[in-house]
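Asker: heads up, no residue letters with this:
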């Protein structure tokens, strides 16, 4: 079945540090890939997505590139802020008739 | 911006009580989902619906039940709440031909 594996946290960084959260997936066909973010006490928000190989999703300074050859979708940000402290979930979907499959989430804490 | 609403945001209730968690969306989405989020952050799909009068159990067995009488409304009911039901419950929806899902802000349920 489909699965998503993302790096375990927690991840603690200082403000302005570089962020990478690794995500790899297993799925048949050509899934769409997503990063969701969950701020404390809130639901999940879609951060970015990519629907085909080599696509780069980007939003709010975050980027992730769909790498078919390595089945990866790593999240990166060049300079994190305290306000980026949240839980980040990598997810995939094989199409509009399929459910989302989530990774277990990575807690990021950014210190001033 | 997604328009999906969950009420209540927080609920503390005694053991044995019947509760209904409300979820409504104004986007006309055909697909709706309920996730249970454990303290370790992991998301578990407990129910989903692909349209009116269609409901299915998700990947995690749950004592809760759902109904989908109207497109915009997907309530979750617990007939007799127990402390083991204490959790965060997240509702989500997705539109026809869309692969991403949009989430409500969640209901944090505590059963004492």
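Answerer: Perfect, I can see it now. For clarity, every value in this text was computed on a predicted model and none was experimentally measured.
Asker: Would you verify that residue A:30 is located in a strand?
Answerer: No - according to DSSP: H, G, I helix; E, B strand; the rest coil, residue A:30 belongs to no strand; its state is coil.
Asker: For the worst-scoring helix or strand of chain A on mean pLDDT, name the packing helices and strands.
Answerer: Confidence across the helices and strands of chain A bottoms out at strand A:101-102, with a mean of 92, counting by mean pLDDT, DSSP states H and E. Contacts of strand A:101-102 with other secondary structure elements, assessed using 3 or more CB pairs under 8 Å, 6 or more residues apart in numbering or on different chains; DSSP states H and E, are made with strand A:3-6, strand A:86-93. Where C-beta positions appear, they are placed from N, C-alpha and C, glycine not excepted.
Asker: Only the buried residues of the shortest one, if you could.
Answerer: Going back to what we said before, that points to strand A:3-6. Neighbour-count burial for strand A:3-6 flags A:4, A:6 (criterion: 16 or more other CB atoms under 10 Å in any protein chain shown).
Asker: The helices and strands packed on strand A:101-102 into TSV, with extra columns for mean pLDDT?
Answerer: Written out in TSV, the entries for the helices and strands packed on strand A:101-102 read as follows (pLDDT from 0 to 100):
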stretch	mean pLDDT
strand A:3-6	95
strand A:86-93	95
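Asker: Adding distance to chain B, write those out as JSON lines.
Answerer: Putting the helices and strands packed on strand A:101-102 into JSON lines (distance: least, CB to the nearest CB, whole Å) gives the following:
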{"stretch": "strand A:3-6", "distance to chain B": "11"}
{"stretch": "strand A:86-93", "distance to chain B": "4"}
